[in-house]
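Q: Okay, here's the prediction I keep looking at, along with the sequence it came from:
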Amino acid sequence: MNPDQLSTTIVDVLQALVADGSVTLPDGVPTSVTVERPRQKGHGDYATNVALQLAKKAGTNPRAFAELVRTGLEAADGIDAVEIAGPGFLNITVSAGAQGQVADDVVAAGAAYGSNDSFGGEKINLEFVSANPTGPIHIGGVRWAAVGDALGRIFTMSGAQVTREYYFNDHGGQIDRFSGSLLAAAHGRPTPEDGYGGAYIDEIAANVVEVRPDVLELDDEAAQEVFREVGVDLMFAEIKKSLHDFGVDFDVYFHEDNLHTSGAVERAVERLTELGNTYEQDGAIWLRTEKFGDDKDRVIIKRDGQGAYLSGDLAYYLDKRSRGFDRCLIMLGADHHGYVGRMMAMCAAFGDEPGKNLEILIGQMVNLLRDGQPLRMSKRAGTVVTIDDLVDAIGVDAARYALARYSSDSNIDLDLDLWAKAASDNPVYYVQYAHSRNCSLLRNGEALGLAPASHPELLTHEKEGDLLRALAEFPRVVSAAAELREPHRVARYLEDTAAAYHKFYDQCQVLPKGDEEPTDLHRARLQLVDATRIVLANGLDLLGVSAPERM
């Protein structure tokens, strides 16, 4: 019996109490109730505050309401005991058979265990990374690669239709500076004052010359156009490869330039004008963002007729909504925090709901430490640490896990020495080792002719119960991670579950020793081992991390 199943049982009890007239609930019986694991041992397997929530509506006091619920629960299948605590909490102990059934449920569901429908049918556009094609992806972008991809997997497991999208910024001044830097490097000139430096610029410039040997014979204006066209393609191909090697691929690569050449900006302005949310002043077109909570109105079309910076965002948002997405979720770096207000005002100006149709997540800084000292520069990029630097230092699995393990709205310091270690104080190693130990036990059992089997009533040891309750929590952890946009909840859950497994392994003999005859308890424990293997593998997969069978 998992928490959701127990919640259903409590709802059934409430419905029975209403049906026989024992309880009157003017607002009706809730479809679900809160069920949690108690903080203290000895307070049962699960606890609920349903009596505190509903007693007043029922016209009684919480302890009296709790007494009615207790009587009904004690008669339900799978419940061993129910105690009333404090002002009306219900502490519930489930039977060994009902608790042990969790292992069978996990094994039966396999890779689907943890799935839920909390976002069932919702179409989500998830935009993340979107680094400018002017250099390798730096550590801030790598964080969003890990967190964004994990969040996409979690949304998918929660029933959503997810499209991962990369906004390819190939329009504007940064591309001019990039192509100018390539031109200078090809001719051996100093980097322009506002240009890009680093060994990668020399590499890309040389590759452009290899593709177009005639480029050095052109005048600077024509040559820079070649470096723009070919150089941006080469740089973006490199970005795509780095992301692919990191386990991150996108469904859509959207080119910003298309917004300005397809008439999308004009269509967005026209739509806003129809809604009465634009006006002309000083030869420019303004959006009434202050009306929707921004600190001031914003220019969207400048007096020279060119689109202001916000114009592209207007067109891009409208394009996403026109493609049928219910929710447009954008992940941005800490330096974009001041941009959120105008984006939400823009959403409202279109008649949409900020926070629902448009949502923006802000990620904080990542600092890398080696030998206790900050690692600040890449040998190749010169001024920043890149995705390839991080992978070279600790590998893809450790990098993805480490970056997804912390709340994205907090700064993190990653100790590269720790994350490269094959030791239990390395969180990803600790979880992966638990998975590989499960696989080893299953292989050894198979060698003995011993297979997992369902005997849930035999799993009565305290550490078996702790592990079973941990496994039962996984679907709720996935749902909460989706609802709160917090993949780190999955990582922390995996570490707690691995700890519960290691304690179980230390105290519960899984395989027979010597000439000992196999028993149904051995088979039941192998079933629990297999269930743990599945949950750890499913959780690691949500983070884009491998689940090795041998370590």
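A: Structure received.

Q: Let me know the pLDDT of residue 2.
A: Listed pLDDT for residue 2 reads 89.

Q: what do you get for residue 426?
A: So residue 426 comes in at 98 (pLDDT).

Q: cool, and residue 381?
A: 64.

Q: same thing with residue 170?
A: Residue 170 is given a pLDDT of 75.

Q: start at 192 instead
A: Sure thing, new numbering starts at 192, so read that last one as residue 361.

Q: Now residue 487: phi and psi?
A: phi -170, psi 170 (degrees, to the nearest 10).

Q: Give the residue spans of the stretch 592-741 of the chain that score low on pLDDT.
A: Residue ranges of the stretch 592-741 of the chain with pLDDT under 70: none are present.

Q: can you give me the helices for it?
A: With helices called from DSSP state H, counting those that start in this stretch, the stretch 592-741 of the chain shows them at 607-610, 618-638, 653-663, 665-675, 679-698, 711-733.

Q: so of these, which one's packed in deepest?
A: Mean neighbour count (mean count of other Cβ atoms under 10 Å) peaks for helix 711-733 among the helices of the stretch 592-741 of the chain, with a mean of 23. In this view, the C-beta of every residue, glycine as well, is placed from N, C-alpha and C.

Q: got the CA coordinates for that one in PDB?
A: Extracted in PDB, the C-alpha atoms of helix 711-733 (Å, rounded to 0.1, in the frame of the first residue of the first chain):
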ATOM      1  CA  ASP A 711      10.500 -17.900   0.300                       C
ATOM      2  CA  LEU A 712      12.000 -15.100   2.400                       C
ATOM      3  CA  HIS A 713      15.000 -15.100   0.200                       C
ATOM      4  CA  ARG A 714      12.800 -14.900  -2.900                       C
ATOM      5  CA  ALA A 715      10.700 -12.100  -1.300                       C
ATOM      6  CA  ARG A 716      13.900 -10.100  -0.500                       C
ATOM      7  CA  LEU A 717      15.100 -10.600  -4.100                       C
ATOM      8  CA  GLN A 718      11.800  -9.100  -5.200                       C
ATOM      9  CA  LEU A 719      12.500  -6.100  -2.900                       C
ATOM     10  CA  VAL A 720      16.000  -5.900  -4.400                       C
ATOM     11  CA  ASP A 721      14.500  -5.900  -7.900                       C
ATOM     12  CA  ALA A 722      12.000  -3.200  -7.000                       C
ATOM     13  CA  THR A 723      14.800  -1.000  -5.600                       C
ATOM     14  CA  ARG A 724      16.800  -1.500  -8.800                       C
ATOM     15  CA  ILE A 725      13.900  -0.400 -10.900                       C
ATOM     16  CA  VAL A 726      13.200   2.700  -8.800                       C
ATOM     17  CA  LEU A 727      16.900   3.800  -8.700                       C
ATOM     18  CA  ALA A 728      17.100   3.200 -12.500                       C
ATOM     19  CA  ASN A 729      13.900   5.200 -13.200                       C
ATOM     20  CA  GLY A 730      15.100   8.100 -11.000                       C
ATOM     21  CA  LEU A 731      18.500   8.200 -12.500                       C
ATOM     22  CA  ASP A 732      17.000   8.200 -16.000                       C
ATOM     23  CA  LEU A 733      14.900  11.200 -15.000                       C
END
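
Q: by how many degrees do it and helix 679-698 diverge?
A: 160 degrees (axes from the mean of the first three to the mean of the last three Cα atoms, to 10 degrees).

Q: could I get the helices of the stretch 592-741 of the chain as TSV with distance to residue 196?
A: As requested, these are exported to TSV (distance: least, Cβ to Cβ, whole Å):
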stretch	distance to residue 196
helix 607-610	38
helix 618-638	24
helix 653-663	9
helix 665-675	10
helix 679-698	19
helix 711-733	16
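
Q: closest to residue 281 out of these?
A: helix 653-663 (16.7 Å; Cβ to Cβ).

Q: Select the longest helix from this protein.
A: helix 411-436 (DSSP state H).

Q: in that helix, what counts as buried?
A: 414-415, 417-419, 421-423, 425-427, 429-431, 433-434 (16 or more other Cβ atoms under 10 Å).

Q: next one: stretch 303-322
A: Those would be 304-305, 307, 309-310, 313-322, for stretch 303-322 by 16+ other Cβ under 10 Å.

Q: Out of those, which comes closest to residue 697?
A: For the buried residues of stretch 303-322, the nearest to residue 697 is residue 304 (24.9 Å; Cβ to Cβ).

Q: For that closest one, grab phi and psi.
A: phi -70, psi 130.

Q: got the contact list for it?
A: Residues near residue 304 by Cβ atoms under 8 Å, 6 or more residues apart in numbering: 296, 297, 665, 666, 725, 726, 729.

Q: quick one: the residue most central in space within the chain from residue 335, how far?
A: The structure's the chain has its C-alpha centroid closest to residue 342; by Cα atoms, centre = their mean the separation is 2.3 Å. To residue 335, residue 342 is 10 Å away according to Cβ to Cβ, to the nearest Å.

Q: Likewise for residue 209?
A: 49 Å.

Q: and what of residue 247?
A: Distance from residue 247 to residue 335, by Cβ to Cβ: 45 Å.
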